[in-house]
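Peer 1: No sequence on hand, only this structure:
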């Protein structure tokens, strides 16, 4: 029996930046500037998702699921404002948004699942 084809991008000892298996890519994004306010961190994460989508040859139209962790649910209104502008009409993924104890300074973390070509 052959091993399943699993592609890992940016693999380190503790995690890979992206894991792709059977046409499905999965990864986690946190803001590059953890000293920034929540609105800026949300914007950074959405931009970083776009960059990863381009890297793996996918797009927002292929998003399947995003699980969003916010350090403070009072930031959900800002998240929703940016989200509604970012997600293509008719292509919304399933989504969960929860309040979580995140690493120091981290205001948002998103777990992304997307179909690839």
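Peer 2: Looks like it came in fine. Remember, predicted model here, so these are calculated numbers, not experimental data.

Peer 1: can you give me the strands in the chain?
Peer 2: 6-9, 18-21, 24-30, 63-70, 94-99, 108-115 (DSSP state E).

Peer 1: Can you add mean neighbour count and distance to residue 51 and give those back as TSV?
Peer 2: Just so you know, the C-beta spots here come from the backbone N, C-alpha and C atoms, and that holds for glycine as well. TSV is the format used below for those (neighbours: other Cβ atoms under 10 Å; distance: least, Cβ to Cβ, whole Å):
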stretch	mean neighbour count	distance to residue 51
strand 6-9	12	12
strand 18-21	17	11
strand 24-30	18	9
strand 63-70	18	14
strand 94-99	12	20
strand 108-115	20	12
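
Peer 1: Take those and lay them out in a markdown table including distance to residue 36 and mean pLDDT.
Peer 2: As requested, those are exported to a markdown table (distance: least, Cβ to Cβ, whole Å; pLDDT from 0 to 100):
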| stretch | distance to residue 36 | mean pLDDT |
| --- | --- | --- |
| strand 6-9 | 25 | 92 |
| strand 18-21 | 23 | 95 |
| strand 24-30 | 11 | 97 |
| strand 63-70 | 14 | 98 |
| strand 94-99 | 19 | 97 |
| strand 108-115 | 10 | 98 |
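
Peer 1: now these in JSON lines, with distance to residue 39?
Peer 2: What follows is the strands of the chain, written out as JSON lines (distance: least, Cβ to Cβ, whole Å):
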{"stretch": "strand 6-9", "distance to residue 39": "28"}
{"stretch": "strand 18-21", "distance to residue 39": "26"}
{"stretch": "strand 24-30", "distance to residue 39": "15"}
{"stretch": "strand 63-70", "distance to residue 39": "12"}
{"stretch": "strand 94-99", "distance to residue 39": "15"}
{"stretch": "strand 108-115", "distance to residue 39": "10"}
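
Peer 1: mean confidence for the longest helix anywhere in the chain?
Peer 2: In the chain, ranked by residue count with DSSP state H as the criterion, the top helix is helix 38-56. Averaged across helix 38-56, pLDDT comes to 97.
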